[in-house]
Every structure is written in C-alpha cells, then in structure tokens.
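Undergrad: Provided below are the primary sequence and the corresponding predicted coordinates.
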Amino acid sequence: MRFIIPAICTVMLTAPALTQETSDGSFTQNEIAQTILSLQEELKALRTENQKLLELVTSIARRQQSETSSCNQRLLSLYKDKDHLITIGASAKHPAIINLNKQIQAVSSSCADTLASTKTAELTCTDRVTELAKKKDQLIGLGFKESHPDVINTSRQIEVVQNECKPLG
C-alpha cells in the first residue's frame, strides 16, 4: 500500500510529458511509448521491493510465533510439574515447589521481550485451567465421584489457578 502513493506521484509528474503536443497539435508516439516503458519498469521494481518486504515480514512473524509458542510450552510444562506436586500433597514451602516458582519467574522474565508478561500469564492460566478441567473430566469419566480425593484435589487446583489469574484480568 505504501508503494501505491509514490507510483501515483510518479504518474502525476510524468503526466505533463504526455500532454506535450507537437507543433501540429498531436502527441508524439515516441514520447508516450518511452513514458509507458519507464512506468512499467518502475512498477516492476516496486512489485519486486514489495515482495521482498512481504517475505521479510512473514519471516519475522513466523519467528515471533515460534518464540511465543516455545515460551508458552516451557511455562505450561513448569506449571504442570507444580500442579502435580500440589496434587501429591506438597506444600507451598516444599523445596521443589519453591524451585519451580523460581524457574517459572526466570522463564517469564526471559520471555518478556518476546511477549507481554501479562499476556503470557493469561495464556498460561487459561491453559492450566483447561488442562486441570480435562483431568477432572477424565477422572469423572473413569467413574470417580465428586467426593473422591483426586477429584477434590483437582477441583481445588482449578480454584487456586483461577485465583492466581484474577489479578491478571
């Protein structure tokens, strides 16, 4: 779109050349043909430049999408490990959970330049709630009742994750 404006300006500047009349009042075909050729060459150059820019933008978008996906996968994996430890009864003061919290902070800060940290956290919270809800549905599908300890723990984890996510929006 940016290249259309310079092309229009070029046409406007070359238009007076097209209106030059010979002494008998007619246009010379040679002048018109030269103008058309120069405009076609410029259009071809602009299309080539536009294609190069499009390829560059596509490449950058793919790289950012890959980095975003990688960060989300690492965070999701760390949160799954933390949720598993909570499921088996580890407290928030347990060394493994403290270590996972530090790793989560490190990954979040290292991904901050690729993603807005709140956006990452929102995605991660949503992913975690979805994973836990699937786990709960699987347990119920296997015949566990709502009063079963695993179902209760999973429900509790869902509430904990939702409460963690509330400050993010």
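TA: In hand now; what should we look at? Residues are numbered from 1 along each chain as shown.

Undergrad: what mean pLDDT does the host helix or strand of residue 53 get?
TA: For residue 53, the host element (DSSP states H and E) is helix 29-87. Helix 29-87 comes out with an average pLDDT of 80.

Undergrad: which elements pack onto that helix?
TA: Other elements packing on helix 29-87 under the criterion 3 or more Cβ pairs under 8 Å, 6 or more residues apart in numbering; DSSP states H and E are helix 4-18, helix 95-110, helix 117-141, helix 149-165. Every C-beta, even on glycine, is put in place using the N, C-alpha and C of the backbone.

Undergrad: would you mark the buried spots in the second one?
TA: By neighbour count, and taking 16 or more other Cβ atoms under 10 Å as the criterion, the buried residues in helix 95-110 are 97, 100, 103-104, 107-108.

Undergrad: from these, pick the one nearest residue 162.
TA: residue 104 (17.2 Å; Cβ to Cβ).

Undergrad: excluding residues flanking it in the chain, which one is nearest that closest one?
TA: In this structure, residue 104 finds its nearest non-sequential neighbour in residue 78, 5.0 Å apart by Cβ to Cβ, 6 or more residues apart in numbering.

Undergrad: quick one, what contacts residue 163?
TA: Residues near residue 163 by Cβ atoms under 8 Å, 6 or more residues apart in numbering: none.
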